[in-house]
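In: with the sequence up front, the predicted model follows.
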Amino acid sequence: MLAASNPWVLLYVAAMFAFAGAILWRVRVVQQRTAAAWQRFASERGLRFVRPQTAWWQGSRFHIEGEVRGVDFRIEKHVVRRGKNTQLYTLLTARGVERTSSELKVVPNDLGAKITGFFGVKGTPLGDAEFDQRFVVRGGGAERPSDVLHEALRAKLGEFEPFTELVLHHDRLTLRWLKLEPNPEKLQRAIELAVLAFLPPRAP
């Protein structure tokens, strides 16, 4: 009755559906373009591009996998849902030699890190003034974080920024950053960073 007496209600509902449809269409186009870019990236470097069949409600899934200098890795779309909010990331997972006995995490020194530090989760300064200003390091177990995060790796992390977190745990590394990455140069830098993380530091 309300819709019949007020045509603006129908117009408003139609506009909302059109807006939602446009957003979904845009997301689909972006993911299709990114998948094509990832497929070219993998083909040019002798890596594997994998796109499994999924039901329509699961969304598009695809990833790159391969091995470089003894380090196995996988790059994939990573979706985090918190209630009604959905955040899209690019996630690299790699395995190599064991680097830490417990979890070592690097996060940007942003507002979130400062709030976490205020509530008692402190970071470990590495003695690298520029790095310590830009990033917060937590954990590391028996190893010295500055040995695991050696100078070359710290420089590579600075070049790769922005990212949301880097985690080293035993022989596993994860690197996560916001959005579904379309840039092949950043994908290449992520792989190089993972390989470097499993190499011992160079002798001075």
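Out: Here it is on my side, so go on.

In: quick check, central residue of the chain?
Out: R176 (2.0 Å; C-alpha atoms, centre = their mean).

In: and that one, what are its bridge partners?
Out: Assessed by DSSP bridges, R176 has beta-bridge partners L91, E165.

In: for this structure, which spans come out with low pLDDT?
Out: Low-confidence segments of the chain, defined by pLDDT under 70, span residues 1-30, 54-59, 117-120, 140-142, 201-204.

In: which parts of it are strands?
Out: 48-50, 63-68, 71-82, 85-95, 104-108, 135-139, 165-169, 172-178 (DSSP state E).

In: enumerate every residue touching the closest residue to Q87 other than its chain neighbours.
Out: Sequence neighbours aside, V80 is the residue nearest to Q87 in space, at 4.8 Å (criterion: C-beta to C-beta, 6 or more residues apart in numbering). Any C-beta I mention is one placed from the backbone N, CA and C, and that applies to glycine too. V80 is in contact with T86, Q87, Y89, counting by C-beta atoms under 8 Å, 6 or more residues apart in numbering.

In: how near is V80 to R176?
Out: Distance of V80 to R176, given as C-beta to C-beta, to the nearest Å: 9 Å.
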